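Engineer: Just a sequence and a predicted model for now, questions to come.
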Number of protein chains: 2
Amino acid sequence: MLATVIHAARDIRVEEVPDPELSTGGDAIVRVVAACVCGSDLWPYRGVTPTHEPHRIGHEFVGVVESVGPEVAAVKPGDFVIAPFYVCDGTCANCRNGVSTSCLAGSWWGGDDRVGGVADGGQGERVRVPLADGTLFVVPGPVADDEVPGLLALSDVMGTGHHAAVSAGVGPGDSVAVVGDGAVGLCAIIAAKRLGATTIVAMSRHADRQALAREFGATHIVEERGDEGVARVRELTGGIGADRVLECVGTRESMDQALRSTRPGGMVGYVGAPNGGPELPVRTMFNRNIGVNGGVAPVRGYIGELLPDVRSGAIRPGRVFDLELPLADAAEAYAAMDERRAIKVLLRP
Amino acid sequence: MLATVIHAARDIRVEEVPDPELSTGGDAIVRVVAACVCGSDLWPYRGVTPTHEPHRIGHEFVGVVESVGPEVAAVKPGDFVIAPFYVCDGTCANCRNGVSTSCLAGSWWGGDDRVGGVADGGQGERVRVPLADGTLFVVPGPVADDEVPGLLALSDVMGTGHHAAVSAGVGPGDSVAVVGDGAVGLCAIIAAKRLGATTIVAMSRHADRQALAREFGATHIVEERGDEGVARVRELTGGIGADRVLECVGTRESMDQALRSTRPGGMVGYVGAPNGGPELPVRTMFNRNIGVNGGVAPVRGYIGELLPDVRSGAIRPGRVFDLELPLADAAEAYAAMDERRAIKVLLRP
């Protein structure tokens, strides 16, 4: 079959690789209907994370189950499934606590799966899914083709934006500022509105993303950064800052922007993977009672809550996919996102 | 009148100072019935915080109102009042949000009060209280002398321990670890039990404090620190760490202990004033979804909730005072706390 392999920075190839085979008894083979490129895939693409040897890449996909091992009970051939961006058993203490990204038996796509060898990456024609019962979420009934982008968003970005909002404690009537206008930041706007926020400030400088932010529920756009950005957010929030700030980037500057844009007693929900820092300024947090909560989003547990709203059209996270390419053009998908020609690219095997 | 003045590190004197006078219209004069020494008072005492010139000290007291300005409505002469460790108006946006320590008109005992000059310190015979309506909490009815320690605890340590627990989101059935066995840590144990925690691990190495921790509701004592301390907490919490960890010290080591003792998806509630750091390790927090929430405790807003339980004897935070001295012996009070001969010292003018 064909799958995407990263060989080095800016060297993405779609290559012939061995077909996956069932091996552990608890796994499933899924034919990928759609996959996508994540902002975090750009780190190795850009060389920020070194690539020591060629390896499979991609961790967001939806598809149809082709076969299952004898121990699999919750998934059967023919099911349309959403795979979260990680593998989890759904039964360990951490999964039961809602933190399936810390599953005690868990693993990551493209890495050592801890039970059957190396897991496939998500950007390929097929994927062997370890711990299929815990990992895969079955979408009931027939799935229309135009539903695919929205369902694919549930594999990562929509659940991650939701995690930012949940971690920050967004509730009815809150004022919320969102730092970051990538796919996750835009989904965080959807999540904030869905949870009842009434003032939603999107911090964005790109006209196309501003338009999508407004479509998703942003009530205000702030283009300024740094001190001016903080001042603008305060102007829009009674002079004190936003109740909740959703940090969806992961840089020192974005976290600083988030902390300073939060009102005393407010909370930053953060899901932007901090790439080598920054450490958090505890004295600033302490003096103003600014909390920081979040992390790698346990999206598997959010699919059940979010799916009905996606299928009904109440929320439309699939709109973040503004470019669709065949799997064979994966290299161009990476380039388009790297060069900001696309917010997020959907790949069709 | 007599009041406590710090002249330099380890130089605490009780001196004659001018009697306070009403000045702003909204202030009150309170005759101090009892005051106390705070762990944070030990920073200037030890020279960790420099003392550039002699100044009044102390920020926890209870007393009886002697006179009030013409604009004061909620407090009248003869009222027994609890003063929180700061001045607040109770009406600004931050106070209404429950963060009265960030009051837009607020100030600190012994510092510039922003309306009438320099505020008195709490360790004296009398105190002029700016913004009396917002700052003082009236204790109804006659107050028995043996109630004084419990009421005094509401001026800081009990509300601060409660803030750690509230910030961490302690709820029924939770496992909680408390880092720090000072008066605040001990009050955090009271708070955790009161909010329904069923496993409460006190990290303490002192026999007398361990005994009080158990009296307050600790179900387990852990004497180990560092890796061994983390391992012991995990043993007591199903192998994954405590749901909530209350950090009541403020050092790099104590915060590290707290973060590592928390289970994935759990929360650290912290109230130990971070003295010059440490910055928080965001990648560790991110990977395990460990939240950090808390800060300088808005205890004024907690008095109403906690007072009935203190007066009924349901909780007994006044037990943290294990030494009582006349105000004239304030220097000895500081020495006793500095040398750990006392947990917390109550001063009687």
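Structural biologist: In hand now; what should we look at?
Engineer: Near chain B, which residues of chain A are found?
Structural biologist: Residues of chain A lying near chain B by C-beta under 8 Å from any C-beta of the partner chain: A:93-94, A:97-99, A:101-102, A:167, A:238-240, A:255, A:263-265, A:267, A:270, A:273-274, A:276-283, A:285-296, A:298. Bear in mind the C-beta positions are built from the backbone N, C-alpha and C, glycine included.
Engineer: filter those residues to the buried ones?
Structural biologist: A:93-94, A:97-99, A:101-102, A:167, A:240, A:255, A:263-265, A:267, A:270, A:273-274, A:278-282, A:285-296, A:298 (16 or more other C-beta atoms under 10 Å in any protein chain shown).
Engineer: Mind telling me what element residue A:303 is part of?
Structural biologist: helix A:303-312 (DSSP states H and E).
Engineer: And residue A:31, by the same measure?
Structural biologist: Going by DSSP H and E, residue A:31 is in strand A:28-36.
Engineer: What residues sit buried inside the following helix or strand past that strand?
Structural biologist: Next in sequence after strand A:28-36, counting helices and strands by DSSP H and E, comes helix A:42-46. By 16+ other C-beta under 10 Å, the buried positions in helix A:42-46 come out as A:43-45.
Engineer: for chain A, which spans come out with low pLDDT?
Structural biologist: Across chain A, the ranges flagged by pLDDT under 70 are A:116, A:276-278.
Engineer: Break it into its domains for me.
Structural biologist: Chain A breaks down by automatic domain parsing into domains covering A:2-156+A:299-348, A:158-294.
Engineer: Can you tell me which of the ones you listed is most buried?
Structural biologist: domain A:158-294 (a mean of 23; mean count of other C-beta atoms under 10 Å in any protein chain shown).
Engineer: quick one: terminal-to-terminal distance for stretch A:282-298?
Structural biologist: End-to-end distance for stretch A:282-298: 26 Å, by C-alpha to C-alpha, to the nearest Å.
Engineer: do stretch A:333-343 as well
Structural biologist: 10 Å.
Engineer: Would you map the strands across the stretch 201-349 of chain A?
Structural biologist: A:220-222, A:242-247, A:262-270, A:291-294, A:321-326, A:344-348 (DSSP state E, counting those that start in this stretch).
Engineer: Between those strands, which one is closest to residue B:37.
Structural biologist: strand A:262-270 (27.4 Å; C-beta to C-beta).
Engineer: helices and strands around that closest one, which ones?
Structural biologist: Counting contacts by 3 or more C-beta pairs under 8 Å, 6 or more residues apart in numbering or on different chains; DSSP states H and E, strand A:262-270 is packed against helix A:157-168, strand A:242-247, helix A:252-261, helix A:282-288, strand A:291-294, helix B:93-96.
Engineer: What separation is there between residue A:280 and residue B:45?
Structural biologist: 29 Å (C-beta to C-beta, to the nearest Å).
Engineer: typed the wrong thing, it's residue A:118
Structural biologist: 60 Å.
Engineer: ok, the closest residue to residue A:319 other than its chain neighbours - contacts?
Structural biologist: Leaving aside its sequence neighbours, residue A:319 sits nearest to residue A:212 (C-beta to C-beta, 6 or more residues apart in numbering or on different chains; 6.3 Å). Contacts for residue A:212 (C-beta atoms under 8 Å, 6 or more residues apart in numbering or on different chains) come out as A:186, A:319-320, A:343.
Engineer: For these, work out which two are farthest apart.
Structural biologist: Once C-beta to C-beta is applied, the contacts of residue A:212 give A:319 and A:343 as the farthest pair, at 9.1 Å.
Engineer: Show me what the nearest residue to residue A:258 once chain neighbours are set aside bridges to in the sheet.
Structural biologist: Spatial nearest neighbour of residue A:258, excluding adjacent residues (C-beta to C-beta, 6+ apart): residue A:247 at 4.0 Å. Beta-bridge pairing of residue A:247 under DSSP bridges involves residue A:179, residue A:270.
Engineer: Do I have it right that residue A:247 meets residue A:163?
Structural biologist: No - contact criterion C-beta atoms under 8 Å: residue A:247 and residue A:163 do not qualify, at 11.6 Å.
Engineer: who does residue A:127 bridge with?
Structural biologist: residue A:30.
Engineer: how much space between it and chain B?
Structural biologist: Relative to chain B, residue A:127 is positioned 24 Å away (C-beta to the nearest C-beta, to the nearest Å).
Engineer: hang on, isn't that residue packed against residue A:21?
Structural biologist: No - with contact defined as C-beta under 8 Å, residue A:127 does not reach residue A:21; the gap is 11.9 Å.
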